[in-house]
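Trainee: Structure for the following, please:
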Amino acid sequence: MINADPNELQKFSDLAHRWWDPKSEFKPLHDINPLRLDWIDANAGLAGKKVLDVGCGGGLLSEGMAERGAQVTGIDLSEKALGVARLHLLESGHSVDYRHISAESLAAEMPGSFDMVTCLEMLEHVPDPASTVAACAKLVKPGGQVFLSTLNRNPKSYLLAVIGAEYLLQMLPKGTHDYAKFIKPSELARHCKAADLEVAEIIGMTYNPFTQRYSLGQDTSVNYLLRTVRNA
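Mentor: Numbers count the residues shown, from 1 in each chain. This is a model prediction of the structure:
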C-alpha cells in the first residue's frame with residue numbers, strides 16, 4: 001500500500017504545469033517560500049548539507065535549498081509535478097536529484113542517509129501522516145533535523161484556510177484542503193515522539209490580507225511549522 005490519496009495526486013498533477021507561475025494557484029507557495037527557506041537555513045545551515053525534500057512537487061523548495069548550497073534530493077508521487085521540476089532545472093541551472101518514490105520506500109532503501117529532511121505542506125494530503133513522519137525519521141541521520149509543516153485543526157483554521165482562502169479570497173482552488181485531514185500540533189508531536197524525533201521548535205505562520213504578507217510568529221492556530229531532531 002502506497003501512502004497516497006489518488007484524488008490528491010490527480011488534483012496536483014492537473015495543476016503541475018502552473019507550478020512555477022507566481023500568479024497561479026501556487027502563488028501562496030511562492031509567497032511563503034522565502035520565509036520557509038530562511039527559517040530552515042537559520043536552524044540547519046543549508047550550505048554543504050545533504051537534504052531530502054519529501055513531497056517536493058514542482059521543486060520550489062528543493063531549488064531554493066539547492067541555490068543555498070545544499071545537495072538536494074526531491075521525491076514525489078506525481079510524475080507530472082516531477083516533470084515540471086526537472087524541466088525548470090534547465091532554466092535555473094540548479095542541481096536537484098528528483099525521484100518518483102514514496103518516503104516509505106526510500107526509507108527502506110536509504111535509511112539514515114540525509115543530514116536533514118523537509119516535508120512541508122504535505123502531511124494534510126496523505127492518508128497516514130504518521131507513516132510519513134516515521135519515514136522521514138528513518139531517512140535522517142541520528143542528530144539530524146526534520147522540518148515539518150501543516151495546518152492546525154480547529155474552527156479558526158477551517159474559517160481562514162478553507163472558507164477564507166479557497167472561497168472568499170480565492171487564494172487557492174476550491175477543494176484544495178480537506179478540513180478532516182488537518183493535524184493538531186499535539187497530534188503531530190505524538191507522531192514525532194513515536195518516530196523517535198524530539199520536537200525542538202514549533203512556530204506559526206500567519207497571513208495579513210491587508211498587506212498580503214506572510215510572517216512567522218507565535219500564532220500556531222492555522223499554519224504551523226515544526227522543527228525536530230532525531231535522537232542519537
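Trainee: Show me what counts as buried in stretch 188-208.
Mentor: For stretch 188-208, the neighbour count (16 or more other Cβ atoms under 10 Å) marks Leu188, Ala189, His191, Cys192, Ala195, Leu197, Ile202, Ile203, Gly204, Met205, Thr206, Tyr207 as buried. C-beta: built from backbone N, CA, C; applies to glycine.
Trainee: Enumerate every residue touching the closest residue to the fifth one other than its chain neighbours.
Mentor: Yep, that's Ala195 we're talking about. Nearest residue to Ala195, sequence neighbours excluded (Cβ to Cβ, 6 or more residues apart in numbering): Ala137, at 3.8 Å. If a contact means Cβ atoms under 8 Å, 6 or more residues apart in numbering, then Ala137 has Val146, Cys192, Ala195, Asp196, Leu197, Arg230 as its contacts.
Trainee: From these, pick the one nearest Tyr224.
Mentor: Cys192 (13.0 Å; Cβ to Cβ).
Trainee: Kindly provide the whole-number mean pLDDT of the host helix or strand of that closest one.
Mentor: Using DSSP states H and E, Cys192 maps to helix 185-194. What helix 185-194 shows for mean pLDDT is 98.
Trainee: In CSV, please show the C-alpha coordinates belonging to the longest helix anywhere in the chain.
Mentor: For the chain, the helix with the greatest residue count under DSSP state H is helix 27-44. In CSV, the C-alpha atoms belonging to helix 27-44 read as follows (Å, rounded to 0.1, in the frame of the first residue of the first chain):
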residue,chain,number,x,y,z
LYS,A,27,1.1,31.9,-5.5
PRO,A,28,0.8,31.2,-1.8
LEU,A,29,3.7,28.8,-2.0
HIS,A,30,5.8,31.4,-3.9
ASP,A,31,5.0,33.9,-1.2
ILE,A,32,5.9,31.7,1.8
ASN,A,33,9.0,30.1,0.2
PRO,A,34,11.5,32.8,1.3
LEU,A,35,10.2,32.6,4.9
ARG,A,36,10.5,28.8,4.9
LEU,A,37,14.0,28.9,3.4
ASP,A,38,15.3,31.5,5.8
TRP,A,39,13.8,29.6,8.8
ILE,A,40,15.4,26.3,7.7
ASP,A,41,18.7,27.8,6.8
ALA,A,42,18.9,29.7,10.1
ASN,A,43,18.4,26.5,12.0
ALA,A,44,20.3,24.0,9.9
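Trainee: Now do the buried residues in it.
Mentor: Those would be Pro28, Leu29, Ile32, Asn33, Arg36, Leu37, Trp39, Ile40, Asp41, Ala44, for helix 27-44 by 16+ other Cβ under 10 Å.
Trainee: Present those as JSON lines; the columns should include distance to Asp21.
Mentor: Shown next, in JSON lines, are the buried residues of helix 27-44 (distance: Cβ to Cβ, whole Å):
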{"residue": "Pro28", "distance to Asp21": "12"}
{"residue": "Leu29", "distance to Asp21": "11"}
{"residue": "Ile32", "distance to Asp21": "16"}
{"residue": "Asn33", "distance to Asp21": "14"}
{"residue": "Arg36", "distance to Asp21": "19"}
{"residue": "Leu37", "distance to Asp21": "19"}
{"residue": "Trp39", "distance to Asp21": "24"}
{"residue": "Ile40", "distance to Asp21": "24"}
{"residue": "Asp41", "distance to Asp21": "25"}
{"residue": "Ala44", "distance to Asp21": "29"}
